[in-house]
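Q: Starting from these lines, generate the structure:
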Amino acid sequence: MTRALTVWWDASEVGELALDNGNMIFRYAQAWLDDAHAPAISVSLPKQAEVFTRAQTRPFFAGLLPEERPRTEAARALGVSQQNDFGLLEGLGGDVAGALALWPTGEKAPQPDTAGTPAIQDEVALAALLAGLPRRPLLAGEQGIRLSLAGAQPKVPVVLVEGAVALPPAGQATTHIIKPAPRDYPNFPENEAFCMRLAAELGLPVAAVEVRRAGDQVYLLVERYDRVDGDDGILQRLHQEDFCQALGVTPEHKYAAEGGPNFQDGFDLLRRATTVPAKAVLALVDAALFNLIIGNADAHGKNFSLLYARDEMRLAPLYDLLSTSLYPEVHAKMAMRMGGAARLEDFTPETLKDFAEQAGVAAPYVRRRCLDLARLAGKAMTGVGRRLIQEGAPAETIDVLTAHISQRVSALIAVANLSGPNFMTRFDPDIAADRLGVVASDVQAFRADQPAVARHAAARLAGRIFSIHPGFQSNAGKLEAWMKAEPDWRGMIERFASDPDRLAGYVYEALYSLQAFDETAGAEASGAP
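A: Just a heads-up that it's a prediction; the model follows:
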């Protein structure tokens with residue numbers, strides 16, 4: 001007997017997901033194909049009469065399911081294999097990310113219950129629910145509950161009833177997502193709340209978040225951006241898909257190093273799929289720079305999404321913003337390299353230019369935007385932290401976060417300044433000492449924690465001195481030959497770039513050496529003894 005799930009978009013039948021000799025396939029319904037206003041459910045699944053193969057079908061539909069341990073535990077609770085995408089969707093597909101709902105073929109998808117019968121959870125019940133999520137993610141197997149969200153962290157979609165958390169009746173769209181604190185990382189909720197609110201302070205579109213407690217359980221409450229009040233007062237689902245789904249990449253390959261999307265893929269997708277590509281591209285530039293500022297190394301292809309909002313498609317608001325670099329045991333390499341750099345410590349003055357090429361955006365814009373966001377973040381962190389502490393967040397956690405991200409802000413400002421075209425364009429004695437002092441203090445500050453920044457700051461400083469100092473320029477014709485004959489001078493100047501006084505001394509000694517080299521070379525050329 002063929003097993004099949006009907007895919008619904010509100011009350012309209014989109015198509016059918018079925019098993020064909022054990023392979024999951026998808027076919028659009030003819031009525032959906034005939035409706036010129038009905039969109040494809042994925043960039044990777046364009047409207048067509050032909051059946052989509054398993055290889056074409058799986059990236060989108062498997063992308064609706066939880067990953068890693070939550071997937072394993074959900075499969076155990078449902079009594080199916082963890083590799084069984086179809087079985088998991090049978091058990092969890094009633095309310096997923098986006099506008100779709102999956103119900104057994106032959107069953108009409110339940111319509112929203114306008115009578116308002118969500119099961120409100122008191123503090124005791126909610127604490128017990130949260131404590132049980134690691135073993136029963138998404139409440140898998142709970143009678144009458146079919147909910148699914150992607151991701152490797154335990155979570156559950158809920159509705160709010162006058163501010164209280166409640167479980168939805170069958171067919172009702174959820175309004176919020178609960179993410180409890182992982183046992184090994186108890187400050188995750190405060191960390192994510194801090195980063196999400198900081199992004200909002202900088203003017204970036206993000207989901208609204210709140211840290212709450214139920215008994216001894218701390219959790220993050222995230223408002224869903226893929227839900228909106230309809231004209232009839234009934235909550236409506238907005239469709240969305242993440243970059244992996246849109247690009248036909250399976251969730252287990254979400255990291256770029258494992259074949260998942262990189263930034264080039266993401267920018268190309270936005271240019272191809274969004275209604276206003278230029279706006280979407282600049283929004284993704286902001287997102288990448290902000291993740292760099294906070295140290296979010298886990299911003300992979302499933303953490304960026306397309307939102308099908310009424311008559312347009314745009315980059316979805318940001319979510320899952322977390323400073324992973326705060327935890328030394330977490331992998332420090334970014335899920336998507338920026339201009340070839342995998343860590344902030346790998347950034348050089350050329351990295352922002354290389355990232356701009358990835359994005360297809362002018363390098364001066366990326367540099368200015370990096371400076372703007374870093375400076376804004378530096379100013380906004382104190383206020384964001386203070387408000388979270390007033391709401392009950394531990395002051396120690398917020399202080400550590402603020403100090404950590406402040407250090408990253410300073411490093412990025414230094415990188416952006418060093419990459420600018422106006423870095424020491426002339427050698428004026430009245431400003432040179434000040435400029436040398438600023439750069440030298442930057443080098444000194446980053447030598448221990450940001451060695452790559454320090455190295456390239458020192459190298460750029462040395463290069464600028466040789467290119468603009470009038471003493472070297474007056475002997476420009478001999479400069480290249482002298483630097484080949486005396487290669488240690490540049491190294492000495494770089495070495496003391498963090499000490500303005502000693503640096504100045506080595507610059508003058510280098511000038512004496514160049515002058516002596518010039519005189520010797522001139523004497524040899526004239527044949528003088």
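Q: okay, now the closest residue to residue 272 other than its chain neighbours: neighbour count?
A: Setting aside the residues directly before and after it, residue 272 is nearest to residue 43 in space (CB to CB, 6 or more residues apart in numbering), at 7.7 Å. For every residue, glycine as well, the C-beta is placed using N, CA and C. Look at residue 43: counted by other CB atoms under 10 Å, it has 18 neighbours.
Q: and residue 43, what is it in contact with?
A: 241, 246-247, 269, 272-273, 306 (CB atoms under 8 Å, 6 or more residues apart in numbering).
Q: How about the secondary structure of residue 185?
A: Secondary structure, DSSP: H, G, I helix; E, B strand; the rest coil: residue 185 is coil.
Q: oh, I was asking about residue 5
A: Under three-state DSSP, residue 5 comes out as strand.
Q: so where is the stretch 151-300 of the chain shaky, pLDDT-wise?
A: Filtered on pLDDT under 70, the stretch 151-300 of the chain yields the residue ranges 151-152, 170-171, 231-233.
Q: all strands for it, in order.
A: 156-161, 164-167, 176-180, 209-214, 217-223, 227-229, 235-237, 239-242 (DSSP state E, counting those that start in this stretch).
Q: my read: residue 103 touches residue 13, true?
A: No: using CB atoms under 8 Å, residue 103 is not in contact with residue 13, being 10.1 Å away.
Q: List the residues that are in contact with both of the two.
A: With CB under 8 Å, 6+ apart as the test, residue 103 and residue 13 both reach residue 6.
Q: What segments of the stretch 301-450 of the chain are strands?
A: Counting by DSSP E, counting those that start in this stretch, the stretch 301-450 of the chain has strands at residues 305-309, 312-315.
Q: Which residues does the shortest one contact?
A: Read it as strand 312-315. For strand 312-315, using CB under 8 Å, 6+ apart, the contacting residues are 270, 273-276, 279-280, 283-284, 287, 304-307.
Q: Repeat the analysis, applying 7 Å as the threshold.
A: With CB atoms under 7 Å, 6 or more residues apart in numbering as the test, strand 312-315 has contacts from 270, 273-276, 280, 283-284, 306-307.
Q: Show me which pair in those is furthest apart.
A: For these, the maximum inter-member distance is 14.7 Å, found between 275 and 284 (CB to CB).
Q: Looking at those two, which has the bigger crowd around it?
A: residue 284 (21 against 12).
Q: I'd say the more buried one and residue 270 touch.
A: Yes: look at residue 284 against residue 270 with CB atoms under 7 Å: they come within range, at 6.1 Å.
Q: Count the residues that sit near residue 477.
A: The number of residues packed near residue 477 is 9, by other CB under 10 Å.
Q: Can you check the pLDDT for it?
A: As predicted, residue 477 sits at a pLDDT of 76.
Q: Can you tell me the element it falls in?
A: helix 476-485 (DSSP states H and E).
Q: what packs against that helix?
A: helix 500-526 (3 or more CB pairs under 7 Å, 6 or more residues apart in numbering; DSSP states H and E).
Q: quick revisit: which one among the contacts of residue 43 gets closest to residue 491?
A: Nearest to residue 491 among the contacts of residue 43, with distances taken as CB to CB, is residue 269, at 44.9 Å.
Q: Make JSON lines out of the strands of the stretch 301-450 of the chain and add mean pLDDT and distance to residue 92.
A: Formatted as JSON lines, those follow (pLDDT from 0 to 100; distance: least, CB to CB, whole Å):
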{"stretch": "strand 305-309", "mean pLDDT": "92", "distance to residue 92": "19"}
{"stretch": "strand 312-315", "mean pLDDT": "94", "distance to residue 92": "26"}
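Q: Turn these into JSON lines, columns for mean neighbour count and distance to residue 35.
A: Shown next, in JSON lines, are the strands of the stretch 301-450 of the chain (neighbours: other CB atoms under 10 Å; distance: least, CB to CB, whole Å):
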{"stretch": "strand 305-309", "mean neighbour count": "21", "distance to residue 35": "15"}
{"stretch": "strand 312-315", "mean neighbour count": "20", "distance to residue 35": "17"}
